[in-house]
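Engineer: can't give you the sequence, but here's the structure:
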């Protein structure tokens, strides 16, 4: 089973539409459609978001190895994603904007570290735009490529 097939499989197991899954992780329905079709590459960041929100095993999503769900293989009891955008969705949007604005290219470890940094900052700051600007300003690299954090 390919990663896009695992994504679609788990979405259906959670009884989520593409739209509700998208909202829960800070994307739009077209993004989920493109991920499931393989048009857009599924990244470690997507797997981390699904793990945080829906208790889906990120390793299983990326490789097909291990249990599908965390917590002894039990799927989330959520039937439908929340309508409001959760902090993880906000972190994903900020993450993507930071990469665009700085030109950074990160390996999987770097992606996870940056994502955790953003989540920590979001826990401390209420304004998303301020958080994004603070991260971009703290990265003193302009238009350089970095292999990790």
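Structural biologist: Thanks, I have the structure now. In this text, all values refer to a predicted model and were calculated from it rather than measured experimentally.
Engineer: ok, how many other residues are close to residue 50?
Structural biologist: 24 (other Cβ atoms under 10 Å). To be clear about C-beta, it is placed using only N, CA and C from the backbone, and glycine gets the same treatment.
Engineer: I figured it was touching residue 62, is that so?
Structural biologist: No: counting by Cβ atoms under 8 Å, residue 50 does not reach residue 62; the two are 10.4 Å apart.
Engineer: show me what contacts residue 57?
Structural biologist: Contacts for residue 57 (Cβ atoms under 8 Å, 6 or more residues apart in numbering) come out as 51, 66, 67, 68, 69, 70.
Engineer: mind redoing it with 10 Å?
Structural biologist: Applying Cβ atoms under 10 Å, 6 or more residues apart in numbering to residue 57 gives the contacts 10, 47, 50-51, 63, 65-71, 73.
Engineer: farthest-apart pair in those residues, please.
Structural biologist: Across these, no pair lies farther apart than 63 and 71, at 19.3 Å, counting by Cβ to Cβ.
Engineer: pLDDT score for residue 118?
Structural biologist: At residue 118, the model reports a pLDDT of 74.
Engineer: just residue 146 next, same as before
Structural biologist: 48.
Engineer: so where's the chain shaky on pLDDT?
Structural biologist: 72-90, 121-149 (pLDDT under 70).
Engineer: if we use 90, what do you get?
Structural biologist: For the chain, residues meeting the criterion pLDDT under 90 lie at 22-28, 40-55, 58-59, 70-149.
Engineer: now the helices: where do they sit in it?
Structural biologist: Taking DSSP state H as the criterion, the chain contains helices spanning 3-13, 18-24, 29-37, 44-54, 58-63, 70-73, 87-102, 108-124, 128-138.
Engineer: about what we covered before: now do the shared contacts for residue 50 and residue 62.
Structural biologist: Contacts common to residue 50 and residue 62, judged by Cβ under 10 Å, 6+ apart, are residue 42.
Engineer: hmm, back to that, filter the contacts of residue 57 down to the buried ones, ChimeraX style.
Structural biologist: To isolate the buried members of these in ChimeraX, using 16 or more other Cβ atoms under 10 Å:
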select :10,47,50,51,68,69,70
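Engineer: now the contacts of residue 57 in JSON lines, with distance to residue 36?
Structural biologist: Listed next are these as JSON lines, based on distance: Cβ to Cβ, whole Å:
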{"residue": "10", "distance to residue 36": "11"}
{"residue": "47", "distance to residue 36": "14"}
{"residue": "50", "distance to residue 36": "13"}
{"residue": "51", "distance to residue 36": "18"}
{"residue": "63", "distance to residue 36": "18"}
{"residue": "65", "distance to residue 36": "20"}
{"residue": "66", "distance to residue 36": "21"}
{"residue": "67", "distance to residue 36": "21"}
{"residue": "68", "distance to residue 36": "16"}
{"residue": "69", "distance to residue 36": "19"}
{"residue": "70", "distance to residue 36": "21"}
{"residue": "71", "distance to residue 36": "24"}
{"residue": "73", "distance to residue 36": "23"}
